[in-house]
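Colleague: build me a model from this:
(chains A and B)
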Protein chains: 2
Amino acid sequence: MSNDKQFVEEITPQSEDFSRWYIDVIKKAELMDYSPVRGCIVFRPDGFEIWEHIKEAMDVRFRETGHRNAYFPMFIPESFFQKEKEHVEGFNPELPWVTEAGGEKLEERLAIRPTSETMIGHMYSKWIQSYRDLPVLINQWANVVRWEKRTLPFLRTSEFLWQEGHTAHETEEEAREETMKMLEVYREVIEEVLAIPVITGQKTPSEKFAGAKDTFSLEAMMKDGRAVQAGTSHYMGTNFAVAFDIKYLSRENNLEFAHTTSWGTSTRLIGALIMVHGDDRGLALPPKVAPTQVIMVPIGPPKKRDAVIARADELFAELKQAGVRVKMDDRSDVSPGWKFNEYEMRGVPVRMEIGPRDMENGVCVLVSRISGEKKIVQQDNLVEEVHAMLAQVQQEMFDRAKNFMEENFYSVDTLDEMKTLMEEKRGFTLAGWCGSEECEDKVKEVTGATSRNIPFKTTEQKSTCLCCGKPAKHTVVFARAY
Amino acid sequence: MSNDKQFVEEITPQSEDFSRWYIDVIKKAELMDYSPVRGCIVFRPDGFEIWEHIKEAMDVRFRETGHRNAYFPMFIPESFFQKEKEHVEGFNPELPWVTEAGGEKLEERLAIRPTSETMIGHMYSKWIQSYRDLPVLINQWANVVRWEKRTLPFLRTSEFLWQEGHTAHETEEEAREETMKMLEVYREVIEEVLAIPVITGQKTPSEKFAGAKDTFSLEAMMKDGRAVQAGTSHYMGTNFAVAFDIKYLSRENNLEFAHTTSWGTSTRLIGALIMVHGDDRGLALPPKVAPTQVIMVPIGPPKKRDAVIARADELFAELKQAGVRVKMDDRSDVSPGWKFNEYEMRGVPVRMEIGPRDMENGVCVLVSRISGEKKIVQQDNLVEEVHAMLAQVQQEMFDRAKNFMEENFYSVDTLDEMKTLMEEKRGFTLAGWCGSEECEDKVKEVTGATSRNIPFKTTEQKSTCLCCGKPAKHTVVFARAY
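Modeller: Numbers count the residues shown, from 1 in each chain, chains lettered A, B, ... in the order given. Down below sits the predicted model:
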């Protein structure tokens, strides 16, 4: 928050140590800070505002697809977890427990939600009686807790923020359609708003959500070649309906179990955003989620300063009026060069410079954070030019990330090939898989890569398992993952 | 969620049992449901959406006054509470404790935040070094927990949602100005958006926030005459700065403690909203926060039905396009009369009826939930007419609530007078107070009323204490409170 830093600390280059680069950048750009509670971070205003923009982009699409927000208690009675066997096994090791409250020991321990299937399942069983009550389409924005052993800011923290959609339907077909529809909503937001290309596909059984019948995911490639699971959508079958007694009287007057889904994305998207777009100069933020889209830096000698700033103020007001998230840095005790570095480090997509000569000529200069392109534009046309450059930066960021992913996407036929790739280059590998958990485990053991998903679209279908050589049941994307 | 209820359950009349009326209404209108966790409720979509509209109204004003949102961990180490003596005494009895997590007993217990002064104070001490770092103006939207013995949906629940602003300043003057500025933001939202008139003033020492130097509140009158504290704003002095070591190098190069403030409003505003505006027919929601602002009910005989609905669809699209939150109920198996009752019960501000003859005449009928007024309007002019009636309903709701508060506002001189009033009529009473805690306690013991605040504006200054007869130090509003 200091307004006049005495020096610019160095950011570790990505090529030297990607993990240190990441921590350097998020701390220096003031997106987060460590908290005194193990594994929990503070989302500082610039970090939190990225989340707010993601939230807006999601929320408008959730609404358009007929969903409504609600809020359920974060405390979950211990007995609830016992009702779905896989679910309790999956989450039990990560739960924090409230054992005392209001000065008394509780009769039943309360978990803090790691996800809300159980609580929401319980409520749905009360609300759903007839097919006329279906579908139920609810989303929740909430904090959740998973007591992680190894944490990493944004990507894996003990407490994090997320949204979790929970829906109930009459038929398997309808529930499966919902599962896919929300996966597509996620793809749209992640690709079009966050400018992160993703590979959509189905998780293998060993990687699916605890209690789900099928899990689908979106996998993104970080600049170190590792994967981040950017979102998941689950078809639960009737597993939770059976466990929580979500039954309805059907059109044929039979008592049937509902088919449910759930789907979630979280603040780990902020981590992905940084690792996909950032570079050695610091953050690079897609305009659609950048807290500041345009930074204005008036330049020129002291005696012309006031006149330049007066004109800059007018342009500032115009941009603000047009809905651009613009900031001005008119400090006189800091050099323009220092400011350029500072806002590049903070990932501001477009810089606007204006000096005395620009004023005379009725122009100013726009500079793209991502390509470095400088464009002299007419002041009269500023709003349009700024919108155009913001759109261009947004598109370029996606294209660059997409190229990067394609360049680091390999096809392999043997475990040795994959091992070498994982050690030398990282990236995603496409390989055949027989479908056995043994082979999946072996891949992980030998290469460090896990199955990310069975992609819906692929340029190639593999015929043999990279591990055992038997016929391939699926063609799978493997990668080391965060 | 059932679409065709077989019968309309009765709502207990307010005059018969106000508490039962309240529970009947919020359950029946599906604003909330009880959860399996003691004192925690589920915010169902219509209840939660009211909160979302309150949030939007607050957020835009927080931003305009220079604040930014952030997010801090909900877990607070036990040692943090010990640092501010009054604070720990105030909140300790209500804390839930996490004692185990990730399969292990924790070395230090973690409280779940009842409010975040301590966590935020700790972080501010790291962020604030110089006067150049000040002011820090941060707000947080979060869930908080206070393990209450007696709970009431929305008004007092163990887990609730709120916003808490926390700011740090160079001087007392600036911090006090902030305290008042945010109180005024609250007044504006509560009066102009929620249509709830409030009395602003200062809390007496015994009623102030645990750890604050001065607390200011907004007090609203429910229809049973009881008070709800609708929001508070606190000047902390340097209490938390001393406890958490928030120091800065001043302009004069001295190390000084920062002056801090905090201010909060919560989902109890939803409870206040219901108790201020509701009536024996059910909810009445101010248009600015109503999830549905206009309900369209096409009427007429079966053979004309399709034509009416077709025209209604067009009008629906026009209203939606104009940003009106409109819904259509075109079910054929439910009578118009039943629908009228249903949406009046749900508090929808304006009903629009359209029948075959209206169609021919190019008109439709708007009906106000609050006054019952029916207005025949031209379809060509529908958007304007709807906006006008929504604005009128909003204003009428405020005026009615204001009249009610004025009618139930009494001036008293003796304890006996107040006792009689509290027993017979309820409402707010204005009385002189000597300033002693003994007299304040005695008032509570005898009348059940507590001091709400020392109002900034009052028509009358009392000269003697209603209790001991000594000279009055303050003129105070007393009332029974939720």
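Colleague: check which residues of the least confident helix or strand in chain A by mean pLDDT are buried.
Modeller: When the helices and strands of chain A are compared on mean pLDDT, DSSP states H and E, helix A:85-91 comes out lowest with a mean of 85. Of the residues in helix A:85-91, those buried by neighbour count under the rule 16 or more other Cβ atoms under 10 Å in any protein chain shown are A:87, A:88, A:90, A:91. C-beta here means a position set from N, CA and C on the backbone, and glycine is covered the same way.
Colleague: could you do stretch A:67-78 as well?
Modeller: Across stretch A:67-78, burial judged by 16+ other Cβ under 10 Å covers A:67, A:68, A:69, A:70, A:71, A:72, A:73, A:74, A:75, A:76, A:77.
Colleague: now, the residues you listed that are in strands?
Modeller: Secondary structure assignment (DSSP state E) places A:68, A:69, A:75, A:76, A:77 from the buried residues of stretch A:67-78 within strands.
Colleague: against chain B, how distant is the first one?
Modeller: When Cβ to the nearest Cβ, to the nearest Å is applied, the distance between residue A:68 and chain B equals 4 Å.
Colleague: next, count neighbours for the residue of the stretch 351-482 of chain A found nearest chain B.
Modeller: Sorted by distance to chain B under Cβ to the nearest Cβ, the residues of the stretch 351-482 of chain A start with residue A:482, at 19.4 Å. Burial measure for residue A:482: 18 neighbouring residues, criterion other Cβ atoms under 10 Å in any protein chain shown.
Colleague: ok, it - contacts?
Modeller: A:152, A:155, A:156, A:222, A:226, A:227, A:228, A:271 (Cβ atoms under 8 Å, 6 or more residues apart in numbering or on different chains).
Colleague: quick one: contacts for the nearest residue to residue A:120 once chain neighbours are set aside?
Modeller: Nearest residue to residue A:120, sequence neighbours excluded (Cβ to Cβ, 6 or more residues apart in numbering or on different chains): residue A:166, at 4.6 Å. Contact criterion Cβ under 8 Å, 6+ apart gives A:116, A:117, A:120, A:124, A:136, A:138, A:139, A:140, A:260, A:261, A:262 as the residues in contact with residue A:166.
Colleague: the first one reaches residue A:138, doesn't it?
Modeller: So the one you mean is residue A:116. No. Residue A:116 lies out of contact with residue A:138 (Cβ atoms under 8 Å); the separation is 10.0 Å.
Colleague: the residue of chain A most remote from its centre and residue B:447, how far apart?
Modeller: Taking Cα atoms, centre = their mean, the residue of chain A most remote from its mean C-alpha position is residue A:303, at 47.3 Å. Taking Cβ to Cβ, to the nearest Å as the measure, residue A:303 falls 72 Å from residue B:447.
Colleague: which of the helices or strands spans residue A:201?
Modeller: Taking DSSP states H and E as the criterion, residue A:201 maps to strand A:199-202.
Colleague: and the next helix or strand past that strand?
Modeller: Scanning forward in sequence from strand A:199-202, with DSSP H and E defining helices and strands, the next element found is strand A:214-221.
Colleague: how close does the spatially closest residue to residue A:138 that is not a sequence neighbour get to residue B:36?
Modeller: Nearest non-adjacent residue to residue A:138, counting by Cβ to Cβ, 6+ apart: residue A:70, 4.9 Å away. Relative to residue B:36, residue A:70 is positioned 16 Å away (criterion: Cβ to Cβ).
Colleague: residue contacts, the residue nearest in space to the middle of chain A?
Modeller: What sits nearest the mean C-alpha location of chain A, by Cα atoms, centre = their mean, is residue A:269, with 1.7 Å. Residue A:269 sits next to A:54, A:190, A:194, A:230, A:231 when contact means Cβ under 8 Å, 6+ apart.
Colleague: what about those, which are in helices?
Modeller: Of the positions in the contacts of residue A:269, residue A:54 sit in helices, assigned by DSSP state H.
Colleague: just to revisit the earlier point, backbone dihedrals for the residue farthest from the centre of chain A, please?
Modeller: phi -70, psi -20 (degrees, to the nearest 10).
Colleague: how close does it sit to chain B?
Modeller: 26 Å.
Colleague: quick one, grab the pLDDT at that residue.
Modeller: Confidence at residue A:303, expressed as pLDDT, is 89.
Colleague: kindly report the same for residue A:116.
Modeller: According to the model's per-residue confidence, residue A:116 sits at a pLDDT of 96.
Colleague: just residue A:473 next, same as before
Modeller: 97.
Colleague: so what's the residue count around it?
Modeller: Residue A:473 has 15 neighbouring residues, counting by other Cβ under 10 Å.
Colleague: so who does it touch?
Modeller: Residues touching residue A:473, when contacts are defined by Cβ under 8 Å, 6+ apart, comprise A:433, A:434, A:435, A:465.
Colleague: touching, the first one and residue A:472? I think so.
Modeller: Spelled out, it's residue A:433. Yes. Shown here, residue A:433 and residue A:472 form a contact pair, counting by Cβ under 8 Å, at 5.9 Å.
Colleague: overlap in contacts of the two?
Modeller: Applying Cβ under 8 Å, 6+ apart, one finds that residue A:433 and residue A:472 are jointly contacted by A:462, A:465.
Colleague: between these two, which is the more surrounded one?
Modeller: Set side by side, residue A:433 and residue A:472 give different neighbour counts by other Cβ under 10 Å, the larger being at residue A:433 (24 against 19).
Colleague: what's the separation between residue A:41 and residue B:160?
Modeller: Using Cβ to Cβ, one gets 24 Å for the distance from residue A:41 to residue B:160.
Colleague: in the lengthiest helix in chain A, which residues are buried?
Modeller: Among the elements of chain A assigned as helix by DSSP H, the one spanning the most residues is helix A:382-407. Residues A:382, A:385-387, A:389-390, A:392-394, A:396-398, A:400-402, A:404-405 are the ones in helix A:382-407 that count as buried (16+ other Cβ under 10 Å).
Colleague: same check, this time on stretch A:20-37
Modeller: For stretch A:20-37, burial by neighbour count (16+ other Cβ under 10 Å) applies to A:21-29, A:31-37.
Colleague: ditto for stretch A:292-307
Modeller: Result for stretch A:292-307 [16+ other Cβ under 10 Å]: buried residues A:292, A:293, A:294, A:295, A:296, A:297, A:298, A:299, A:300.
Colleague: can you give me the end-to-end span of that stretch?
Modeller: Length of stretch A:292-307, first residue to last, Cα to Cα, to the nearest Å: 24 Å.
Colleague: ditto for stretch A:403-422
Modeller: End-to-end distance for stretch A:403-422, by Cα to Cα: 19 Å.
Colleague: residues contacting residue A:416?
Modeller: Residues in contact with residue A:416 (Cβ under 8 Å, 6+ apart): none are found.
Colleague: so who does residue A:95 touch?
Modeller: Shown here is residue A:95, whose contacts under the criterion Cβ under 8 Å, 6+ apart are A:81, A:111, A:112, A:114, A:145, A:146, A:147, B:101, B:102.
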